[in-house]
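Student: dropping a prediction and its sequence here:
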Amino acid sequence: MIDYDEEWHWKLLLQSNGSVAFRALFFAIPAAVVAVLLLVLDDIYPDLRVESGMDDVRESQTWTVVTVVVIAMLSFRIRQAWARFWEATGLLHMMRGEWYDSASCLITFSRAALKAKPAEVAEFRHTLIRCMSLCHGCALQEIKESNVHAFDTIDAMGLDEATLRWLKDCQTKHHFNRVEILVHMTQVLVTKAHDDGILKIPPPILSRVYQTLSRGFVNLLNAKKISDTRFPFPFAQLIAGFLLFHVIITPVMITTLVSSKAFAALLSFVMLFGMAALNLVASELENPFGADQNDLPLAHFQNEMNDSLMMLLHPNTDHVPSTSRRCITSFDMLMDGRASRTTIERSKRSIAAESWIVAMESDGSMGRPIMQDFSCLSACSVGVATSQPSQTREQTPPSGIAVPPTPVAPLPPEAQELELKARLLATGSSPAKVLAKDEPAPDPHALVASMDRLNSTLQSWMQYVEQQAKEVDCRLAAEHHLQSSLPEYLDTIRTSSPSPDSAADLTAVET
């Protein structure tokens with residue numbers, strides 16, 4: 001099929017590839033020549049038109065009736081031709097869709113047995129893909145007008161020798177239909193795979209595959225109906241006869257009205273050219289499965305089917321999709337329609353934020369992993385998240401030993417605002433609730449500036465976390481020093497002569 005562009009009409013008019021203009025000239029040029037000859041004869045024999053009765057054509061309705069009949073028949077043929085062409089391309093696409101859906105479902109159904117029987121699943125998948133590709137190619141070959149050209153298939157010779165021999169015998173010896181044989185072999189392959197445990201799927205669900213296989217074959221038979229049934233011969237013969245009759249009667253009618261040789265030739269040429277071109281266009285569209293340039297690109301359809309089937313053999317064909325951390329889970333955000341307008345900017349900012357977090361995690365001066373989701377900020381604001389929770393757990397000091405409390409500084413205002421926004425985002429609130437009451441909804445540029453301010457706030461908050469971590473380290477060092485000096489203190493108490501009060505204190509300390 002020809003791919004063309006209607007932007008430049010002159011380029012479209014001068015394109016000869018696939019045009020019917022040259023064949024229409026065989027009707028138009030003789031009509032123009034007849035018109036010029038009639039006017040030349042009028043100059044030589046002025047009474048010829050009256051004596052021959054050609055003047056009566058102008059007053060009669062013969063030319064009008066013949067023209068109306070031809071136009072009506074051409075209109076009927078063009079409608080039928082376009083209907084056949086459109087139905088043919090629709091049937092081929094439906095056939096490909098049904099058979100690809102069958103192959104895709106079977107590949108998906110075999111995923112459950114991939115771990116237990118990897119070799120058997122791989123054998124089933126490769127056999128299925130080769131059978132479906134060969135079946136689609138044979139279907140196109142069957143409806144094609146000429147059987148000289150063979151379509152490309154996916155490694156058809158990779159099938160076993162018994163299968164190839166059986167397919168050859170079906171065509172040469174038994175004259176069976178190859179598409180019917182391949183559809184039947186595919187059904188047998190699916191049934192055997194189900195019996196062997198390769199297709200771990202309930203039979204009612206598996207029956208859908210048999211239905212799509214049969215619907216694809218039905219679409220093929222409907223397409224074959226178009227290729228086997230041509231436009232009725234009496235109609236085609238009658239249209240051709242009327243066109244030849246117009247080659248004579250139209251110049252006669254034109255020359256009775258126009259005395260200019262050039263203008264009469266032009267009018268005759270245009271009228272015959274238009275009617276002949278319409279008839280040729282209809283004949284081009286009636287059988288869309290031929291090898292002409294205006295027919296359907298059957299080889300392209302086969303290549304598309306092969307590409308779709310090869311996709312099912314890709315190593316990532318069993319990949320299970322999931323959502324990312326950039327996924328918008330808030331119902332209000334999705335309903336407000338703001339997600340559709342800011343998806344690109346939001347994705348860019350999320351990727352930049354993730355890259356920044358990864359860079360902060362890889363920084364050796366941090367000493368502690370950073371939280372990887374903003375929803376963790378509310379939980380991290382009351383303590384320091386470290387990789388060793390046992391070091392940050394509060395230890396109750398021994399009785400009688402007073403440890404001065406370490407003052408905890410309040411969060412900075414930026415961190416408090418960040419914590420509030422993180423909590424609202426974690427609960428799925430709408431953007432209007434996250435912002436302040438009097439703050440208007442920001443535009444995309446304002447959101448980018450807000451993200452920059454948020455990044456600077458995160459840096460300030462991380463500096464605050466590092467300061468708090470240093471204070472906790474100092475406190476842990478003081479406690480460690482106290483624990484190391486405690487045995488020496490107990491030995492000193494034991495060596496002295498304890499009084500009843502000191503003995504009680506020693507028992508409390510040991511406890």
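Tutor: Okay, I see it. Numbering: from 1, shown residues only.
Student: for Phe26, give me its contacts.
Tutor: Contact partners of Phe26, counting by C-beta atoms under 8 Å, 6 or more residues apart in numbering, are Ala276. Glycine gets a C-beta too; all of them are placed from N, C-alpha and C.
Student: which strand or helix spans it?
Tutor: Taking DSSP states H and E as the definition, one finds Phe26 inside helix 21-44.
Student: can you list the weak-confidence ranges in the stretch 401-511 of the chain?
Tutor: 401-446, 448, 494, 496-511 (pLDDT under 70).
Student: can you name every helix or strand that the helix or strand that comes right after the helix holding Phe26 contacts?
Tutor: Toward the C-terminus, helix 21-44 is succeeded by helix 48-52 as the next helix or strand (DSSP H and E). In this structure, helix 48-52 packs against helix 21-44, with contacts taken as 3 or more C-beta pairs under 8 Å, 6 or more residues apart in numbering; DSSP states H and E.
Student: run the chain-centre distance for the helix it packs on.
Tutor: Remark: helix 21-44 is offset 55 Å from the chain centroid, using C-alpha atoms, centre = their mean, to the nearest Å.
Student: list the contacts of stretch 182-194.
Tutor: Under C-beta under 8 Å, 6+ apart, the answer for stretch 182-194 is 102, 106, 110, 124, 127-128, 131-132, 134-135, 138, 163, 167, 199, 201, 203, 206, 209-210, 213-214, 217.
Student: now do 6 Å
Tutor: For stretch 182-194, the surrounding residues in contact (C-beta atoms under 6 Å, 6 or more residues apart in numbering) are 124, 131, 135, 199, 213, 217.
Student: excluding residues flanking it in the chain, which one is nearest the second one?
Tutor: On the basis of C-beta to C-beta, 6 or more residues apart in numbering, the spatially nearest residue to Cys131 that is not a chain neighbour turns out to be Thr186, at 5.1 Å.
Student: pretty sure Ala156 is in contact with Leu134, am I right?
Tutor: Yes. Using C-beta atoms under 6 Å, Ala156 is in contact with Leu134, at 5.0 Å.
Student: who has more neighbours, the two?
Tutor: Leu134 (24 against 17; other C-beta atoms under 10 Å).
Student: output the contacting helices and strands for the helix or strand hosting the more buried one.
Tutor: Using DSSP H and E, the element containing Leu134 is helix 118-143. Contact here means 3 or more C-beta pairs under 6 Å, 6 or more residues apart in numbering; DSSP states H and E; on that basis helix 118-143 packs against helix 62-109, helix 178-195, helix 203-228, helix 298-312.
Student: got a pLDDT number for the closest residue in space to Asp318 that isn't next to it in sequence?
Tutor: In this structure, Asp318 finds its nearest non-sequential neighbour in Arg111, 5.4 Å apart by C-beta to C-beta, 6+ apart. Arg111 is assigned 92 on the pLDDT scale.
Student: what's the end-to-end length of stretch 10-18?
Tutor: This stretch, stretch 10-18, spans 16 Å end to end (C-alpha to C-alpha, to the nearest Å).
Student: any idea of the mean pLDDT for it?
Tutor: Mean pLDDT, stretch 10-18: 77.
Student: buried ones in it?
Tutor: Neighbour counts over stretch 10-18 (16 or more other C-beta atoms under 10 Å) mark no residue as buried.
Student: return the residues in contact with Ala277.
Tutor: Taking C-beta under 6 Å, 6+ apart, one finds 20, 24 in contact with Ala277.
Student: what's the helix or strand for it?
Tutor: Using DSSP H and E, Ala277 falls in helix 261-286.
Student: please apply the same query to Leu454.
Tutor: helix 444-495.
Student: same question, Ile2
Tutor: Using DSSP H and E, no helix or strand contains Ile2.
Student: repeat for Ser324
Tutor: With elements taken from DSSP H and E, nothing contains Ser324; it lies in neither a helix nor a strand.
Student: got the phi and psi for it?
Tutor: phi -100, psi 180 (degrees, to the nearest 10).
Student: ok, now Val320?
Tutor: Torsion angles, degrees, to the nearest 10, at Val320: phi -100, psi 120.
Student: coming back round to it: quick one: buried residues of the helix holding Phe26?
Tutor: Residues 24-25, 27-32, 34-36, 38-39, 42 are the ones in helix 21-44 that count as buried (16+ other C-beta under 10 Å).
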